[in-house]
Structure formats: structure tokens, C-alpha cells
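Undergrad: sequence plus the predicted model coming up.
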Amino acid sequence: MPFAYYDRLSPARKAIYRRSDAIVELALPRGAELGATVAAIRETLEGDRRTEVERACQALCDALASGYRVPPVRASVLERRPSDDYGELHGLYEPAEARRRARITVWMRTAARQQVVAFRSFLRTVVHELGHHLDYELYALEESFHTEGFYKRESTLANALFAQLAARDAPPPA
């Protein structure tokens, strides 16, 4: 079922929307072992170490871009989320232009209280923004819409990363 804004799209954009909506899973690339990278994001985020969070997010994006065989994306982690009357901005994707590489920007602190964002929410934001990159580069969509399919892809990828983290954190069998 399309979101309400679907009715306002042109026929060409509706076709792009439907193509996006039809893609409902995004598995990890074959052989991707990212539990340690996800753990690094968690540990550095909880330790409030912005530069190291950014480095770990870049490692995750590099590994996923390489695994999906798409152009790399630059990951930036900034301190405090921007906000306005509509709420806080959690993340931003900027497609590649001319010679500038595509960019993902995420913020590690809430706007109002300036608290470090919860790890699971933060990682989901990184995955969400990477999902826009994959829409353009992996699926060759002319636009990246927030469709049900998009959110399902985001969820399957994030859950696969959380599962790898849980497996890494699990105590060895007795």
C-alpha cells in the first residue's frame, strides 16, 4: 500500500516508487563479517568518541559498499542533531555530484538534551542513509523514495548486522 504522497507523484515517479516498493529484502553481502565493526560503533558511540564513531561508520560503509560492489560513500558523524519546528534531523544522504563522492551524515547527539543517541537508533540511521545510496547505486533507481519496500530493506539489513553483533557478543558454548 503506497504512502499518501504517492498520489501526488508523476507517472514516471510512480513507476520508480513501485520498483522500490517491490524490493523487500537486503541481505548482507556474501561473506560479510561485520560484528566487530558494529561493536566498534557501539563502543565508541557509548564512549562519546565522535572521531572514532565516524571511523567505525566509515569502515561499515566501506565494507558494505565493497560487498555490494557499488561506489563508496563518505560517512560523516557530527555532534548535535539540527532541529526546527518539524523536529530533529537524524541523518542525511547526499548523492554523488560531478567529482564529489556521495555522502552520509548522521548526528550522534539529540538536539534538545544533547544526549548521545541510543546505539540501535544510531545504527538504524546509518543503515537508512546507506539504503538511499544503494537505491541509486545497487538498484539503479532514479530517485530514492521512502516506500514500504525501502523500510523493509533497511530493517532486514539492520537486523542482520544486529544478529552478527549478538553472535560476536554471545558467550562461547560450554
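TA: Thanks, I have the structure now.

Undergrad: C-alpha from now on. contacts and neighbour counts both.
TA: Fine.

Undergrad: averaged pLDDT, whichever helix or strand residue 123 is part of. What do you get?
TA: For residue 123, the element it lies in under DSSP states H and E is helix 119-137. Here helix 119-137 scores 98 as its mean pLDDT.

Undergrad: tell me if residue 79 really is in a strand.
TA: Yes. According to DSSP: H, G, I helix; E, B strand; the rest coil, the state of residue 79 is that of a strand.

Undergrad: and the end-to-end length of stretch 136-149?
TA: Criterion Cα to Cα, to the nearest Å; first-to-last residue distance in stretch 136-149 is 15 Å.

Undergrad: what's in contact with the helix or strand bottoming out on mean pLDDT in the chain?
TA: For the chain, counting by mean pLDDT, DSSP states H and E, strand 83-84 ranks last in confidence among helices and strands (a mean of 80). Contacts made with strand 83-84 from outside it, assessed by Cα atoms under 8 Å, 6 or more residues apart in numbering, are listed as 89, 111.

Undergrad: so what strands line up beside it?
TA: The pairing partners recorded for strand 83-84 under DSSP bridges are strand 87-88 (antiparallel).

Undergrad: what helix or strand is the closest residue to residue 45 other than its chain neighbours on?
TA: Distances taken as Cα to Cα, 6 or more residues apart in numbering put residue 53 closest to residue 45, at 5.7 Å, once the chain neighbours are dropped. Counting by DSSP H and E, the element that carries residue 53 is helix 50-68.

Undergrad: quick check: angle from that helix to helix 119-137?
TA: Angle of helix 50-68 versus helix 119-137, following axes from the mean of the first three to the mean of the last three Cα atoms, to 10 degrees, is 40 degrees.

Undergrad: any idea how far residue 148 is from the residue nearest to residue 131 when sequence neighbours are not counted?
TA: Computed as Cα to Cα, 6+ apart, the closest residue to residue 131 that is not its neighbour in sequence is residue 154, at 6.4 Å. Separation of residue 154 from residue 148 (Cα to Cα): 10 Å.
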